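Peer 1: Fold the following, please.
(one chain, ligands or ions: 3)
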Amino acid sequence: AGAAATGLVALPLSACEARNSLFSADGAGANPLAIPKLDQGIVEQGERVFRLSISAGQKEFAPGVASPTIGVNAPYLGPTLEMRRGERVRLHVDNGLDEGATVHWHGFELPAAADGGPHQLIRPGSRWSPSFEVRQRASLYWYHSHLHRGTGPQVYAGLAAPIYVRDDEEEALDLPSEYGVDDIPLIVQDRLLDSSGRIHYPQNMHAQMMGVRGDRIYVNGTQNAVFDARTGLLRLRILNGSNARFYEFSLAEGRAMQLIASDGGLLDRPHTVRSLKLAPGERAQVIVDLSEGGPLSLVATSPDSAMGMMGGQGRGTVGGGMMNRRREDGETGEVFRILDIRLSRALRATRLPLRLVSLNAPDPSLAMRTRRLVLDMGMMGRGMTINGAAMDMDIVNERVPVGQWEIWEIANASMMAHPFHIHNAQFRVIDRDGRAPPPLETGFKDTVIVNPREQVRVLLRFEEYTDPDLPYMYHCHILEHEDAGMMGQFLVVNS
Ligand code: C2O
Ligand code: CU
Ligand code: CU
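Peer 2: Ligands and ions are numbered 1, 2, ... in the order given. Predicted structure coming up:
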């Protein structure tokens, strides 16, 4: 009913429509996509300075019903921070909540004191002012709460937002880059509403084990979002900002997208893809060509919870299993409408460059050592661990020599896929169970899916040695797993 009511798009996935509770859930029609305000800070004494104020807010997730939220300079979510590679930034973060909070700059390589992990607690009413040099390549990064044992609920309430890093190399390519016009961030998040229509964060065994998954999808806080395109090429920067849900994005009618970037920057060239899987924490950038006409819908499928448990939010690498095969047959079928793209007139597209940046293949022979990390959930999710240990703020799990290449071999001993994230790093994926990674994993990554019983090898090196006693984190980016202990700490040490 929701699809028809918009009058815009006949969703060609009618077989699945009946199972989709989403775009007909509240009878709301199409809503203009909210686009976070762009915040370029103010340059003062050689630093780009941002002022961020965390506060409690309210937002309607169902029409007419306000839910309590957390936002940064906004009632929910926050501004897109824009910065340039090579410049120094300073962020004044005020915590106006009546609980502690932290703000982590996900994807950044920076001094541990500026990282915003669980050790950089900002007490209620106080300010934290980290400063660092932006060393990242141009890409989409994000900032979010990293409160010890409280990341899940704070991110769920809204403490998350995008960061755009720009650089000369990317600008020379002339890709779509006009913010909010032909370059738009899409923060994709699912939320669960209670019977009164307020967002609900379940805290029970099942929610901890599976992660909190909602049945409504919001993009930048908008449900049933519509965007009016004015250019022939549209660049979508997709962030899976959900606590636990994996998505496989595609364009309705099987139209192709050009994948141009992963977490930490551009790929070697645009790769034609028809679908794109992102786990929580992961990002991707695609270019959609609108010159073939429209309208166009970005949709997603997602494994349901039982399937997620059984297996392999699947890059097709998990061995056997009936549940698995059912998934691959498309049995889980729920199709979420993410974004409708509307065209008011025919649009002409310019050509994309054939090459983007030069990327060497990762060379494992550079590595001085291999470090193995085994992710596990224990019985019924009661033992969320890495190498048998749950996160302990007082224990440093790994000491990694500065400046040396290492292979991290991440193995998943559980029955559920985990997105593994490493702070202070942009790594390269070497292989998955010995097999070459898909296009999205041929570039720089900071978060990587590890399927059940699978082993992923990544190559990385830490260049920062600034706060020798302050640890960085590595963890599962299913926030409930992270909060329950699937996280460890490492120090970058002088070798
Ligand atoms: Cu996106 Cu340690 O987090
Ligand atoms: Cu991070
Ligand atoms: Cu996990």
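
Peer 1: so what's the residue in the chain positioned nearest to ligand 2 up against?
Peer 2: Ranked by Cβ to the ion, the top residue of the chain for proximity to ligand 2 is residue 106, at 3.9 Å. C-beta coordinates here come from the backbone N, C-alpha and C atoms, glycine included. Contacts were defined as Cβ atoms under 8 Å, 6 or more residues apart in numbering; by that measure residue 106 touches 141, 142, 143, 144, 281, 421, 446.

Peer 1: For residue 263, see how far away it is.
Peer 2: The spacing between residue 106 and residue 263, counted by Cβ to Cβ, to the nearest Å, is 9 Å.

Peer 1: where exactly do the strands run in the stretch 1-150 of the chain?
Peer 2: Under the criterion DSSP state E, counting those that start in this stretch, strands of the stretch 1-150 of the chain are mapped to 31-32, 38-39, 42-44, 47-62, 65-72, 80-84, 88-95, 104-106, 127-128, 131-133, 139-144.

Peer 1: want to throw those strands into JSON lines with mean pLDDT and distance to ligand 1?
Peer 2: JSON lines is the format used below for the strands of the stretch 1-150 of the chain (pLDDT from 0 to 100; distance: least, Cβ to the nearest ligand atom, whole Å):
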{"stretch": "strand 31-32", "mean pLDDT": "96", "distance to ligand 1": "27"}
{"stretch": "strand 38-39", "mean pLDDT": "98", "distance to ligand 1": "19"}
{"stretch": "strand 42-44", "mean pLDDT": "97", "distance to ligand 1": "26"}
{"stretch": "strand 47-62", "mean pLDDT": "98", "distance to ligand 1": "16"}
{"stretch": "strand 65-72", "mean pLDDT": "98", "distance to ligand 1": "15"}
{"stretch": "strand 80-84", "mean pLDDT": "98", "distance to ligand 1": "15"}
{"stretch": "strand 88-95", "mean pLDDT": "98", "distance to ligand 1": "16"}
{"stretch": "strand 104-106", "mean pLDDT": "98", "distance to ligand 1": "4"}
{"stretch": "strand 127-128", "mean pLDDT": "98", "distance to ligand 1": "16"}
{"stretch": "strand 131-133", "mean pLDDT": "97", "distance to ligand 1": "16"}
{"stretch": "strand 139-144", "mean pLDDT": "99", "distance to ligand 1": "6"}
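
Peer 1: Any chance of these in JSON lines with distance to residue 376 as columns?
Peer 2: Formatted as JSON lines, these follow (distance: least, Cβ to Cβ, whole Å):
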{"stretch": "strand 31-32", "distance to residue 376": "41"}
{"stretch": "strand 38-39", "distance to residue 376": "40"}
{"stretch": "strand 42-44", "distance to residue 376": "47"}
{"stretch": "strand 47-62", "distance to residue 376": "34"}
{"stretch": "strand 65-72", "distance to residue 376": "31"}
{"stretch": "strand 80-84", "distance to residue 376": "36"}
{"stretch": "strand 88-95", "distance to residue 376": "34"}
{"stretch": "strand 104-106", "distance to residue 376": "24"}
{"stretch": "strand 127-128", "distance to residue 376": "33"}
{"stretch": "strand 131-133", "distance to residue 376": "34"}
{"stretch": "strand 139-144", "distance to residue 376": "25"}
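
Peer 1: closest one to residue 450 among those?
Peer 2: Of all the strands of the stretch 1-150 of the chain, it is strand 104-106 that lies closest to residue 450, at 17.9 Å by Cβ to Cβ.

Peer 1: Check the offset of the closest one from the chain's centre.
Peer 2: 11 Å (Cα atoms, centre = their mean, to the nearest Å).

Peer 1: So what are the sheet partners of that strand and their directions?
Peer 2: Strand 104-106 sits in its sheet next to strand 139-144 (antiparallel), going by DSSP bridges.

Peer 1: quick revisit: need the overlap of contacts for residue 106 and residue 263.
Peer 2: Contact with both residue 106 and residue 263 is made by residues 141, 446, according to Cβ under 8 Å, 6+ apart.

Peer 1: returning to what we had before: which one of the strands of the stretch 1-150 of the chain lies closest to residue 401?
Peer 2: Go through the strands of the stretch 1-150 of the chain one by one with Cβ to Cβ and the one that ends up closest to residue 401 is strand 131-133, at 21.5 Å.

Peer 1: Not counting its neighbours along the chain, what's nearest residue 467?
Peer 2: The spatial neighbour of residue 467 that comes closest, neighbours along the chain excluded (Cβ to Cβ, 6 or more residues apart in numbering), is residue 112 at 4.2 Å.

Peer 1: swap that for residue 151, sorry
Peer 2: residue 479 (5.0 Å).

Peer 1: list the contacts for that neighbour?
Peer 2: Residue 479 sits next to 151, 152, 155, 156, 211, 212, 243, 244, 280 when contact means Cβ under 8 Å, 6+ apart.

Peer 1: tell me which residues in stretch 107-125 are buried?
Peer 2: 107-122 (16 or more other Cβ atoms under 10 Å).

Peer 1: Ramachandran coordinates for whichever residue of the stretch 101-250 of the chain sits closest to ligand 3?
Peer 2: Evaluated by Cβ to the ion, the stretch 101-250 of the chain has residue 211 as its residue closest to ligand 3, separated by 7.1 Å. In this entry, residue 211 is assigned phi and psi values of phi 80, psi 150 (degrees, to the nearest 10).

Peer 1: Setting the sequence-adjacent residues aside, check what's closest to it.
Peer 2: Excluding the flanking residues, the one nearest residue 211 by Cβ to Cβ, 6+ apart is residue 244, at 2.3 Å.

Peer 1: Which parts of the stretch 251-400 of the chain are strands?
Peer 2: Listed in chain order, the strands of the stretch 251-400 of the chain (DSSP E, counting those that start in this stretch) span residues 257-262, 265-273, 276-278, 283-289, 296-301, 335-343, 369-376, 385-386, 398-401.

Peer 1: Got the domain ranges for the chain?
Peer 2: 38-166, 174-343, 364-493 (automatic domain parsing).

Peer 1: For those domains, give me TSV that also has distance to residue 358.
Peer 2: Rendered in TSV, the data for the domains of the chain read as follows (distance: least, Cβ to Cβ, whole Å):
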stretch	distance to residue 358
domain 38-166	12
domain 174-343	7
domain 364-493	11
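
Peer 1: closest one to residue 30 among those?
Peer 2: Within the domains of the chain, the stretch nearest residue 30 is domain 174-343; the backing value is 4.2 Å (Cβ to Cβ).

Peer 1: if you look at the closest one, does any of it touch ligand 1?
Peer 2: Yes. Figure legend: domain 174-343 in contact with ligand 1 (Cβ under 6 Å from any ligand atom); contacting residues residue 281.

Peer 1: Quick check: residues of the stretch 51-200 of the chain near ligand 2?
Peer 2: By Cβ under 5 Å from the ion, the part of the stretch 51-200 of the chain that sits against ligand 2 consists of residue 106.

Peer 1: Roughly how far does residue 451 sit from residue 33?
Peer 2: From residue 451 across to residue 33, the span is 32 Å (Cβ to Cβ).

Peer 1: With neighbour numbers in mind, choose between these two.
Peer 2: The neighbour comparison of residue 451 against residue 33 (other Cβ atoms under 10 Å) goes to residue 451, with 23 against 20.
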